[in-house]
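Colleague: Build me a model:
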Amino acid sequence: MAGTFILIMTAAFYATAEYKGGLPVLPVGIRYAADVLVIGMGALWIMVTVDMPKIRFLYSISVVMMVPVMGIGLISMAIWLIRCQETSFVTRGTINIVCLLLNILCAGAGYYMFGKRTVSYMLYAACATIVIIALDLIKTYGAGNVLSEYVTLITTFSKNTGPIMRKLELHDLTQGLGVFVMYYLYCIKNRQWHIGELMAAAFFFSTGLKRIDVLAILTAIAVGLLYDVVSEKMKTALVAVLVAGLFVFSYLYLFLIKKGWYQPLMDHLGIDTMSRGYIYDFFKEYYEMSPSFLGYGIRYIFKIRYDYKQYNVGPYVPGMAHNDIMTHFIELGFWGFIYWLWSNTWYKVMAVRKKFGSRASAFMLMTVVYSFVTYITDNTFFYYSINMMAHITVIAYTDQHRKTKEGGDGT
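Modeller: The predicted structure is shown next:
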């Protein structure tokens, strides 16, 4: 059964990669069919084994993960109703919300069947996906050229990325592997050594190396280590200060973009934004820094981009926003954005802490920090791989370190 699970997840990750080379392209929707298959396998296994303590644990942790998703779904429904948005747009947004919920259920089903080994199995599937694509690139361009560009990528810390390595820039998968790197590094603190898995995660993460992802890993680990050493009372204060800082940063970020000061500031600091400033200047016209700003509903930016590319309808859209902070402000509005940010930071960490204890909540805090850093320059909130890998590592870490263990050993 483990082999079947790995094959299913490999197909899901490969479909997510949308690799355009000498290999067949799988429809992106395959990944959600994979979720349903795994959920079905898990349901059958539940009927055979009926491990109630494990079921109760997975139910509790899954609800915590689902609350932010269901909340933004309800907020979007209200916005769609008020704005009388077209049916196709509402359907698309609803499907995306359902898919996020399927990710959580898939991770839970996998963990029910395999326990903490599910983390390794998902890692194997991610690595297998990159190996498949890398072998096709080697066949097309030659091993020497692939190796040469990889060395350049690493030695320049991703500043110089050749055309071959750009084909291995599988952002979704790379950022998911970053979660694994963070997880295995953090496990060393608990004297849990996963050297083989850590080396594999780090190597395959490096094939699509992005500086922002490295920063995300280091920042998250630093926060996690600090959270570990402070007292219980200070843990609450630390999370409060951190979340307040994320709110201040987010609104300052939005303000700079709205005023047109973002790109001049980046130029002054010598930071290459890869044309993001130009894209942000386009999208700044779609929001107002006002409590009366309603928003347009989830996946609005995707909609206007898709309408322009496919049907030449609406204004010219230079690209996706590459910024989940701005994206969710535009889509959820002033008050909806507050819910999105609060529920994906304070709520997640404190809910896990309340249910399972401070030690168990540490890795949830780290995934919150890691994800937020990636939000600054990308639209990772709906990314399949980073969500799947964050869910399964949080479930595994929480189960191994929760204050009460009702049966099961996480194996």
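
Colleague: Next, count neighbours for residue 234.
Modeller: 13 (other CB atoms under 10 Å). Backbone N, C-alpha and C define where each C-beta goes, glycine included.

Colleague: ok, and for the helix or strand harbouring it, which residues are buried?
Modeller: Taking DSSP states H and E as the criterion, residue 234 maps to helix 232-259. Buried residues in helix 232-259, defined by neighbour count with 16 or more other CB atoms under 10 Å: 235, 238-239, 242-243, 246-247, 250-251, 253-254, 256-258.

Colleague: any weak-confidence spans in this structure?
Modeller: Low-confidence regions of the chain, defined here as pLDDT under 70, cover residues 404-411.

Colleague: Quickly find the element holding the residue nearest to residue 208 when sequence neighbours are not counted.
Modeller: Nearest residue to residue 208, sequence neighbours excluded (CB to CB, 6 or more residues apart in numbering): residue 174, at 3.4 Å. Mapping residue 174 onto the secondary structure by DSSP H and E places it in helix 171-187.

Colleague: Show me what that helix is packed against.
Modeller: Under the contact definition 3 or more CB pairs under 8 Å, 6 or more residues apart in numbering; DSSP states H and E, helix 171-187 sits against helix 2-17, helix 117-141, helix 195-206, helix 211-229, helix 358-375, helix 384-401.

Colleague: and the angle for the last one with helix 195-206?
Modeller: Read that as helix 384-401. Going by axes from the mean of the first three to the mean of the last three CA atoms, to 10 degrees, helix 384-401 is angled at 160 degrees with respect to helix 195-206.

Colleague: contacts for stretch 118-128?
Modeller: For stretch 118-128, the external contacting residues (CB atoms under 8 Å, 6 or more residues apart in numbering) are 2, 5-7, 9-10, 12-13, 107, 110-111, 114, 173, 176-177, 180, 183, 197, 200-201, 204, 385, 388-389, 392-393, 396.

Colleague: What subset of the residues you listed is buried?
Modeller: By neighbour count, with 16+ other CB under 10 Å, these hold 5-6, 9-10, 12-13, 107, 110-111, 114, 173, 176-177, 180, 183, 197, 200-201, 204, 385, 388-389, 392-393, 396 as buried.

Colleague: isn't residue 106 right next to residue 388, touching?
Modeller: Yes - Residue 106 is within contact range of residue 388, at 6.9 Å (criterion: CB atoms under 8 Å).

Colleague: After the helix or strand containing residue 333, which helix or strand is next?
Modeller: Assigned by DSSP H and E, residue 333 falls within helix 324-342. Next helix or strand after helix 324-342 toward the C-terminus (DSSP H and E): helix 348-356.

Colleague: which parts of the longest helix that the chain contains are buried?
Modeller: For the chain, the helix reaching the highest residue count under DSSP state H is reported as helix 52-83. Under the neighbour-count criterion of 16+ other CB under 10 Å, helix 52-83 has 54, 57-58, 61-62, 64-65, 68-69, 71-73, 75-77, 79-80 buried.

Colleague: Next: stretch 201-221.
Modeller: 201-202, 204-210, 213-214, 216-217, 219-221.

Colleague: what do you get for stretch 387-405?
Modeller: 387-402.

Colleague: wait, what's in contact with residue 210?
Modeller: 158, 169, 171, 174-175.

Colleague: Which of those residues are buried, as a PyMOL select command?
Modeller: Buried subset of those, written as a PyMOL selection, criterion 16+ other CB under 10 Å:
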select buried, resi 158+171+174+175
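
Colleague: Nothing else from me, thank you.
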